[in-house]
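> sequence first, then the predicted structure:
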Amino acid sequence: MIEIKNLQKKYLSLNNEVKQAISKKQPIVALESTIITHGMPYPQNLQMALNVEQIVRKNGAIPATIAIMDGKLRVGLDRAELTNLAKNANKAFKASRKDVAYILSKRQMAGTTVATTMQIAALAAIRFFATGGIGGVHRGAEKNFDISADLEELAKTAVAVICAGAKSILDIGKTLEVLETKGVPIIGFNSEEFPAFYLRKSGYKLEHNLSDVREIALMLNIQWSLDMAGVVIANPIPKEKEMKGEDINSFINIALKEAKENNIGGKNITPFLLKRIFELSNGQSLEANIALVENNAALAAKIARAYQNMDKL
C-alpha cells in the first residue's frame, strides 16, 4: 500500500476501486477532467468520459478520472460524479497548479489541467496519464509570454503523459524547444515525427521512437530509477480520423484572429479556440478529439500493464 503524508491525506480522496487497485498492484491510468469541463459540450463530454474509462478497462488497467470536488483532490469518479461534472461544466473552474489551494479552500468544483492531473496522480503514486494533447507555448509567446504550466510540470513530476502531441493551436516548434531545455524526453509511438493533435505530423522530427509497449515500459523504468521526471509519449491520431492540414490551419487562424479582436487570453484562450474550431469545422474537430483521446487511453493502459508486469530495476 502506498504511503501518503498526513497533510496530503486530508485533501487526497481515492475511491474504493483505485484504493484496491493500488493495494493489489494493478495498473492504473489517470484521466484529466478539463476535457470534460472545458473541452467538449454536454452530453458529448459525458459519453466521451464513460467511453474512455471503458477503453482503459478493456485494455487491462483501472481508470482514475481526476477532478477537484467538495474540497478534495478526487482520484476516481463514479458515474454519478462524472455526470454531475459533465452537466455542470459551465460552473466548474479550470484548475492549474496555481489554483489548487484556492479551489480547495472554497470547496469549489474544477476540472484539472494536464499539469494539475499530473500533480494529483503523482500524489496517489499513479505513473500513467492519458490525455488529448499537452499544453505548450502559445503563438505570439515572444510578446505575451503565454506558456502552459504543463511544460514545467513535465520537468519535475515523474508521470508518463500519453498524448497526441501538443494542441495544434500552439507554437509546436517553441513547445519542443522548451521541453528539450527542461530535459523532458519525447518518445514517438510508431512515429518519427511529433504529432500535432488533429494532425499526425507537425513537420518536426523526433530523436526517439518506439513501437513496442514493453520497450516503453523499460525506458520509463530506467527514467524513474534514475530519479528523473516526466516523459511525453507522443501517439498520433488514428489515420482515419485525421483532419486535413489546410482545413485545420484555416480554422485556427480564424479563431486566433477572433480571440485577439475580443482580447481573449490566458487560461480562457484554449477553451475559446477549441470551441470556435468545433463550430468552424461543423463538429469534425470534436470527432477527431474524441478519437485521439480514446486512442491514447488504450495505449496508456497497455503501457501501464507492461510496466506493472516487468521486473523493476
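Here it is on my side, so go on.
> alpha carbons only for contacts and neighbour counts from here, please
Fine.
> mean confidence for stretch 188-203?
Summarised as a single mean, pLDDT over stretch 188-203 is 96.
> contacts for it next, please.
By C-alpha atoms under 8 Å, 6 or more residues apart in numbering, the surrounding residues in contact with stretch 188-203 are 132-133, 164-168, 172, 204-211, 233-239, 242-245, 248, 285, 288-289, 292.
> got it, and stretch 128-143?
With contacts defined as C-alpha under 8 Å, 6+ apart, stretch 128-143 is touched by 28-32, 35, 114, 118, 121, 146-151, 159-167, 169-172, 174-175, 197, 289, 292-293, 296-297, 300, 304.
> got the buried residues for stretch 248-268?
Buried residues in stretch 248-268, counted by 16 or more other C-alpha atoms under 10 Å: 248, 251-252, 255-256, 259.
> from the residues you listed, which land in helices?
Applying DSSP state H to the buried residues of stretch 248-268, the entries found in helices are 248, 251-252, 255-256, 259.
> columns distance to residue 190 and pLDDT on top of those, output as CSV?
What follows is those, written out as CSV (distance: C-alpha to C-alpha, whole Å; pLDDT from 0 to 100):
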residue, distance to residue 190, pLDDT
248, 23, 91
251, 28, 92
252, 27, 89
255, 31, 90
256, 31, 86
259, 35, 88
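> dump the residues you listed to JSON lines, plus distance to residue 46.
Output for these, formatted as JSON lines (distance: C-alpha to C-alpha, whole Å):
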{"residue": "248", "distance to residue 46": "25"}
{"residue": "251", "distance to residue 46": "25"}
{"residue": "252", "distance to residue 46": "26"}
{"residue": "255", "distance to residue 46": "25"}
{"residue": "256", "distance to residue 46": "28"}
{"residue": "259", "distance to residue 46": "27"}
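> out of the residues you listed, who's nearest residue 92?
Of all those, residue 92 sits closest to residue 259, with 21.6 Å by C-alpha to C-alpha.
> from what I can see that closest one touches residue 266, true?
No - with contact defined as C-alpha atoms under 8 Å, residue 259 does not count as touching residue 266 (10.8 Å).
> quick one: low-confidence ranges for this structure?
Applying pLDDT under 70 to the chain flags residues 1-8, 313.
> what segments of this structure are helices?
6-11, 16-23, 34-37, 44-58, 79-87, 100-106, 114-123, 141-144, 149-156, 172-181, 213-225, 245-261, 269-280, 284-309.
> pick the most buried one from those helices.
Mean neighbours per residue, mean count of other C-alpha atoms under 10 Å, is largest over the helices of the chain for helix 34-37, with a mean of 28.
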